[in-house]
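Sequence and predicted model, in that order:
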Amino acid sequence: MMMSATTCSAWIRGVVNTLQAQGLDIPELFADANLSLAALEDPDKRWPTEQVNRLWTLAVERSGNPAIALGDPHLARPDHYGVVGYAMMSSADLSTGLCRLMRYLRIVSDAAMIVLIPDEGGQWVRLDLAAGDSVTPRQRYEYGLLTLLTYCRWLLGRALKPVAAAFSFLAPSVQAPYDDAFGCPFRWNASFNALLLSEADVASRLRTAVPELAEVHDRIAGLTLHKLETPPTARRVKQAIVDQLQDGTPLRERIAAALGMSDHTLQRRLGDERTSFTQLVDDTRRELAEFHLAEPKTSLSDIVYLLGYSDQSTFFRACLRWFGDTPTASRARFISLARIGA
């Protein structure tokens with residue numbers, strides 16, 4: 001069975017802020033949509049695309065405003081993108097920032113896809129959205145493209161006027177909100193939804209560019225994407241490994257019992273997810289080692305204990321395998337990267 005595409009809570013909180021600014025009763029809206037308002041505070045919560053569609057559909061019905069997605073058209077929303085936004089910020093130019101957005105977009109939503117399409121004098125930034133089992137409201141496209149445009153304007157520190165905007169919908173009866181939001185000519189009933197940016201704008205340097213941070217933000221975004229893509233059983237096993245590491249090298253049988261399954265079932269499920277218990281123990285130790293080495297106050301002997309090793313020589317060999325260097329040298333590099341990112 002295909003899993004439903006989902007969107008992160010950070011993005012949904014932005015949607016909620018926009019709807020609330022338009023005077024909608026958010027608790028009532030969520031209750032009528034059969035959604036949990038409290039779940040918005042869960043950073044790991046993912047919202048199925050059908051729920052997002054339902055939220056927008058009800059918002060349009062309750063407000064009577066088909067252009068509700070264009071509320072606060074000049075308000076930049078960098079927090080919508082989370083770690084992906086930081087990766088974009090540190091990029092040298094808008095082109096690189098957009099490429100990072102495409103690379104890590106699944107962190108924000110695996111219901112969305114952005115591609116760059118060259119055209120005469122510019123690049124189309126095309127947005128595609130998964131519909132799921134329901135029709136995608138046009139407001140999701142309008143909100144998604146406007147949010148990206150206002151964030152790009154914020155990154156550049158100046159007004160960014162698209163060459164054109166294309167929407168796969170019929171022209172609205174009232175176009176003034178669109179003119180105010182996008183400030184460019186429109187192509188209605190188009191075959192896709194996109195913004196056309198000039199080559200000069202795409203190549204423009206970002207005012208937020210910090211090349212030294214790019215590697216740090218790429219690493220953080222990569223780890224976040226890896227965590228998101230980790231299959232469910234492997235994710236649960238890794239958390240159980242963290243809980244038991246200080247007692248020494250975790251035993252598969254104990255982890256299986258902690259997860260309420262037999263050892264055979266655990267092995268089979270991990271095999272289905274194309275991993276193994278031994279690999280997950282090693283991956284978890286490596287991730288924790290990188291985290292603890294970047295913290296100067298944690299001694300090497302404490303790290304050895306926290307990772308469940310019986311002696312420092314084993315940790316020494318593991319660092320050479322993971323990072324290509326000794327624990328001390330690896331620590332110096334990670335601390336330096338952490339200070340750059342502070």
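Nice, thanks for sending it over.

What spatial separation is found between the residue nearest the centre of the chain and His80?
Nearest to the mean C-alpha position of the chain, counting by Cα atoms, centre = their mean, stands Ile107 at 2.4 Å. Going from Ile107 to His80 by Cβ to Cβ, to the nearest Å gives 11 Å. From N, CA and C alone the C-beta is placed, and that goes for glycine too.

quick one: pLDDT of the nearest residue to Tyr81 once chain neighbours are set aside?
Leaving aside its sequence neighbours, Tyr81 sits nearest to Val108 (Cβ to Cβ, 6 or more residues apart in numbering; 5.7 Å). pLDDT recorded at Val108 is 94.

try Ala342
pLDDT, Ala342: 42.

What residues sit buried inside stretch 128-145?
Buried residues in stretch 128-145, counted by 16 or more other Cβ atoms under 10 Å: 128-130, 132, 136-145.

now Pro250: how far from Ala257?
From Pro250 to Ala257 the distance is 11 Å (Cβ to Cβ).

Which one of those two is surrounded by more residues?
Pro250 (21 against 14; other Cβ atoms under 10 Å).

before we move on, which element is the closest residue to that one other than its chain neighbours in?
Setting aside the residues directly before and after it, Pro250 is nearest to Gln244 in space (Cβ to Cβ, 6+ apart), at 4.5 Å. If you go by DSSP states H and E, Gln244 is part of helix 232-244.

again with Ile117
Counting by DSSP H and E, Ile117 is found in strand 112-119.

ok, then the element right after the host helix or strand of Gln267?
Assigned by DSSP H and E, Gln267 belongs to helix 263-272. Moving toward the C-terminus from helix 263-272, the next helix or strand (DSSP H and E) is helix 277-293.

what sits up against the strand holding Ile117?
For strand 112-119, the external contacting residues (Cβ atoms under 8 Å, 6 or more residues apart in numbering) are 7, 98-99, 101-102, 105, 123-130, 144, 148, 194, 196.

Among these, name the buried ones.
Neighbour-count burial (16+ other Cβ under 10 Å) applied to those gives 7, 98-99, 101, 105, 123-130, 144, 148, 194, 196.

What ranges does the stretch 101-250 of the chain have for its strands?
Along the stretch 101-250 of the chain, counting by DSSP state E, counting those that start in this stretch, strands occupy 112-119, 122-129, 164-166, 186-187, 193-198.

And the ones you listed: which comes nearest Thr326?
Thr326 lies closest, by Cβ to Cβ, to one member of the strands of the stretch 101-250 of the chain: strand 112-119, at 41.4 Å.

ok, the strand holding Ile117: who's next to it in the sheet?
Next to strand 112-119 in the sheet, as set by DSSP bridges, lie strand 122-129 (antiparallel).

Can you give me the buried ones in the helix or strand bottoming out on mean pLDDT in the chain?
None of the helices or strands of the chain scores lower by mean pLDDT, DSSP states H and E than helix 327-341, at a mean of 79. Within helix 327-341, the residues scored as buried using 16+ other Cβ under 10 Å are 327, 330-331, 334, 337, 341.

what's the closest of those residues to Phe30?
Gly341 (35.5 Å).

leaving aside the residues next to it on the chain, what's closest to Leu213?
Ser90 (3.9 Å).

Look up how far Trp11 lies from that neighbour.
21 Å.

Could you pull up the residues touching the residue nearest to Val163 when sequence neighbours are not counted?
Of all residues not flanking Val163 in the chain, Leu196 sits nearest, at 4.3 Å (Cβ to Cβ, 6+ apart). Going by Cβ under 8 Å, 6+ apart, Leu196 touches 119, 122-125, 162-166.

Filter those residues down to the buried ones and hand me the PyMOL line.
Buried residues among the contacts of Leu196 (16+ other Cβ under 10 Å), as a PyMOL selection:
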select buried, resi 122+123+124+125+162+163+164+165+166
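
Low-confidence ranges, the protein, go.
1-4, 132, 338-342 (pLDDT under 70).

gap between the residue lying closest to Ala5 once chain neighbours are set aside and Ala131?
Nearest residue to Ala5, sequence neighbours excluded (Cβ to Cβ, 6+ apart): Ala111, at 3.6 Å. Using Cβ to Cβ, we find Ala111 at a distance of 9 Å from Ala131.

so what sits against both of these two?
Jointly contacting Ala111 and Ala131 under the rule Cβ under 8 Å, 6+ apart are Thr49.

how much space between the residue nearest to Tyr81 and Arg140?
Taking Cβ to Cβ as the measure, Val108 falls 13 Å from Arg140.

Same list (the strands of the stretch 101-250 of the chain) but as CSV, adding distance to Thr265.
CSV is the format used below for those (distance: least, Cβ to Cβ, whole Å):
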stretch, distance to Thr265
strand 112-119, 35
strand 122-129, 37
strand 164-166, 51
strand 186-187, 55
strand 193-198, 45
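
Right, I'll call it a day here.
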